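1. Next input, structure requested:
(2 chains)
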Amino acid sequence: MDKKIIGLDIDQNSEKSFNFFSTIQDLLNVEVLKIDRDIIMLSNNIDYTFGKFTRASFDLELFLLSDEKYWTNNKEYTSVILGWGDYSTEKIVEVKPFLEIYNKNLIVFSNLNREYKPEWIFGNAIAITKWASSLFKIDFCSLSQRDLDFYSCDMQILFWYAHRIGLDAIVLEDIQYDL
Amino acid sequence: MKNAILLCGYSRTWNLIKDKIIDTLGNILDGQTDWYVALWNTTTTSKENVLNDLVRRNQNVISIKWVDLDESHLLNFHRKIIYREVLSHKAIIGLTYLRELASFDKRVYEYNHGFIYDRVFFIRPDVLYFTNDNTKNILNSYVTDDFNFSISGDYFPTITNSKSDFINTGDLIFIAGSIASDILGFFHLDLNESYGNKHYSHPGISDPHRRMPAYMLKHMVGFKHGIRSMSPRVVRPNTDLSNLVLNSWNNHVRRQTDFEDFREWNKISLRTIEADDYQRFIDLCLSLSIDLQDYELNRIL
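-> Just a heads-up that it's a prediction; the model follows:
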């Protein structure tokens, strides 16, 4: 294993996340570095899905700012994988090519279908920090009707927001060629 | 209206102009106004003194950080790789680091208290802000539906450097919406460009002044208003302060490089002055009890 990625456990479900990140290590042939959560004291005022992402991003940001290895020439890891819900690893192998690409704006969603509940998001550590840190603000902001139309499901607003702040957001949709 | 003021940088001439800065902001801001402070460690003033400066003027200080350079791995990385020979390295890279620290505290406070700031002001302790009769109205008109993603102030990405094709921009005053202010706070992280230093061979790529327009464009947090509402004016130890305070708005809506005291002081960064002049600047700082480290003059001695 010559690569490392940062593992970020959104729901902080120790048993499920242990299996999740172990599976990822095998499937992607990488070492997952789980960072400590809840480094800072936060209240429970905001306790919905977007708030959970924000809460995790604070810990990620502090980790990036304080970890010397991240800022040296010999960076061992640049990517982050976020897991939550049932911690399904479906489609996770499809992010393998992205491990070879250094794009600090990259963020990968597995699926945006309403029937399907994606349970991981992959991306560059800086992109994930920028994206998740302000997610809880969406409900406070005045957004235009065009923006609000994206509110049909949580994953779509998450994807829309990544695009809105200029990240290179990708969805691994099932592509069926009907020739 | 909820306002956050992020005071970041070197203390420098803060002791000379602090009351003027507080008065200016107090005159133009209505509603809740909170301060987030992140300053470099210095002997010019102290953490307790800065806190006291604000509290005695009835300002609400949420967080105050007193930072040593060694705490930033990215700063040290830049110092070793890029700015080995550049005198002002810490000033231009370091400000982004301090802004991230203050921005972080602001986001945590917003999260914990379940609200967001409508406007966030990024200011410096060594800069006076001039206003006019229309400033308040212009600032209030900023808060439109899309201001969450907007940034204003002296972010005018039209100042070109005649020696290159780069677009340059100021960084003395930013007025940002809730999400745009967070994006601006992450600018420090964004300076970690790539593996190794191969990309730094591109001239200017690490100068935040030059990278700012591309960064803002990339994240689509743009400048929406063409009217300048606040005019920043850097106050150096060689600035004639009595003359400065008396002067009107019209005398200050100019580029910093148009001011003689700015041009004179800037020679330190450009290293175009003689040893005797260095000593004059050093004596100026000492007479005003300004830490030489604030201008990195101690490296000359």
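2. tell me, what residue is most central in chain A?
-> Central residue of chain A (CA atoms, centre = their mean): A:Ile121, 3.7 Å from the mean position.
3. Describe which strands the strand or helix carrying that one pairs with in its sheet and in which direction.
-> Assigned by DSSP states H and E, A:Ile121 belongs to strand A:120-124. Here strand A:120-124 has these sheet partners by DSSP bridges: strand A:77-83 (antiparallel), strand A:106-109 (antiparallel).
4. Can you list the low-confidence ranges for chain B?
-> B:71, B:77-92, B:143-146, B:155-168, B:192-208, B:223-227, B:245-248, B:250-253, B:269-271, B:299-301 (pLDDT under 70).
5. what do you get if the cut-off is 80, keeping everything else the same?
-> Across chain B, residues meeting the criterion (pLDDT under 80) sit at B:69-93, B:141-147, B:153-171, B:191-214, B:222-228, B:243-258, B:266-277, B:296, B:298-301.
6. Break down it into its helices, ranges please.
-> For chain B, the helices defined by DSSP state H cover B:14-28, B:47-55, B:73-81, B:89-113, B:135-142, B:178-185, B:187-190, B:208-218, B:241-246, B:260-270, B:275-287.
7. In terms of secondary structure, what does the first one contact?
-> With contacts defined as 3 or more CB pairs under 8 Å, 6 or more residues apart in numbering or on different chains; DSSP states H and E, helix B:14-28 has these neighbours: helix B:47-55, strand B:119-123, strand B:127-130, helix B:135-142, helix B:241-246. Every C-beta, even on glycine, is put in place using the N, C-alpha and C of the backbone.
8. what about the ones you listed, which gets the closest to A:Ser43?
-> For A:Ser43, the closest of those is strand B:119-123, at 21.1 Å, according to CB to CB.
9. Can you check what angle separates that closest one from helix B:89-113?
-> 150 degrees (axes from the mean of the first three to the mean of the last three CA atoms, to 10 degrees).
10. one step back: so can I have JSON lines of the strands paired with strand A:120-124 showing mean neighbour count?
-> Converted to JSON lines, the strands paired with strand A:120-124 look like this (neighbours: other CB atoms under 10 Å in any protein chain shown):
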{"stretch": "strand A:77-83", "mean neighbour count": "23"}
{"stretch": "strand A:106-109", "mean neighbour count": "23"}
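11. Could you dump the ones you listed into a markdown table with mean pLDDT and distance to A:Glu61 added?
-> Shown next, in a markdown table, are the strands paired with strand A:120-124 (pLDDT from 0 to 100; distance: least, CB to CB, whole Å):
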| stretch | mean pLDDT | distance to A:Glu61 |
| --- | --- | --- |
| strand A:77-83 | 90 | 11 |
| strand A:106-109 | 93 | 15 |
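12. Turn the ones you listed into CSV, including distance to B:Asp133.
-> Conversion of the strands paired with strand A:120-124 to CSV gives the following (distance: least, CB to CB, whole Å):
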stretch, distance to B:Asp133
strand A:77-83, 49
strand A:106-109, 46
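13. show me what contacts residue 129?
-> Answering for chain A, as no chain was given. A:Ser57, A:Leu60, A:Glu61, A:Leu64, B:Phe186, B:Leu189 (CB atoms under 8 Å, 6 or more residues apart in numbering or on different chains).
14. Chain B was what I was after
-> Residues near B:Tyr129 by CB under 8 Å, 6+ apart: B:Ile21, B:Thr24, B:Leu25, B:Ile123, B:Ile173, B:Met230, B:Ser231, B:Pro232, B:Arg233.
15. give me that answer again for 6 Å
-> B:Thr24, B:Met230, B:Pro232 (CB atoms under 6 Å, 6 or more residues apart in numbering or on different chains).
16. What is the burial count for the nearest residue to the last one once chain neighbours are set aside?
-> For B:Pro232, ignoring the flanking residues on the chain, the nearest one in space by CB to CB, 6 or more residues apart in numbering or on different chains is B:Leu172 at 3.6 Å. Burial of B:Leu172, expressed as a neighbour count using other CB atoms under 10 Å in any protein chain shown, amounts to 21.
17. same question, B:Asn52
-> 13.
18. Show me which residues of chain A are close to chain B?
-> A:43, A:45-46, A:68, A:71, A:73, A:126, A:130, A:133-134, A:137, A:140-142, A:165-166 (CB under 6 Å from any CB of the partner chain).
19. and the residue nearest to the centre of chain A, what pLDDT?
-> Per-residue confidence for A:Ile121 comes out at a pLDDT of 94.
20. Quick check: it touching A:Leu82?
-> Yes. Using CB atoms under 6 Å, A:Ile121 is in contact with A:Leu82, at 4.7 Å.
21. Can you verify A:Asn111 is assigned to a helix?
-> No. Membership of A:Asn111 in a helix is not supported by DSSP: H, G, I helix; E, B strand; the rest coil, which gives coil.
22. host element of the spatially closest residue to it that is not a sequence neighbour?
-> Spatial nearest neighbour of A:Asn111, chain neighbours left out: A:Pro118 (5.0 Å); criterion: CB to CB, 6+ apart. According to DSSP H and E, A:Pro118 maps onto no helix or strand at all.
23. Now A:Pro118. Its backbone dihedrals?
-> phi -70, psi 150 (degrees, to the nearest 10).
24. Looking at it now. What's its pLDDT?
-> 78.
25. Quick check: the gap between it and chain B.
-> Computed with CB to the nearest CB, to the nearest Å, the distance linking A:Pro118 and chain B is 23 Å.
26. List the residue ranges of chain A that fall below the pLDDT cut-off.
-> A:1-3, A:44-49, A:67-76, A:102, A:113-118, A:139-154, A:173-179.
27. Just give me the longest helix of it.
-> Under DSSP H, chain A gives helix A:49-66 as its longest helix.
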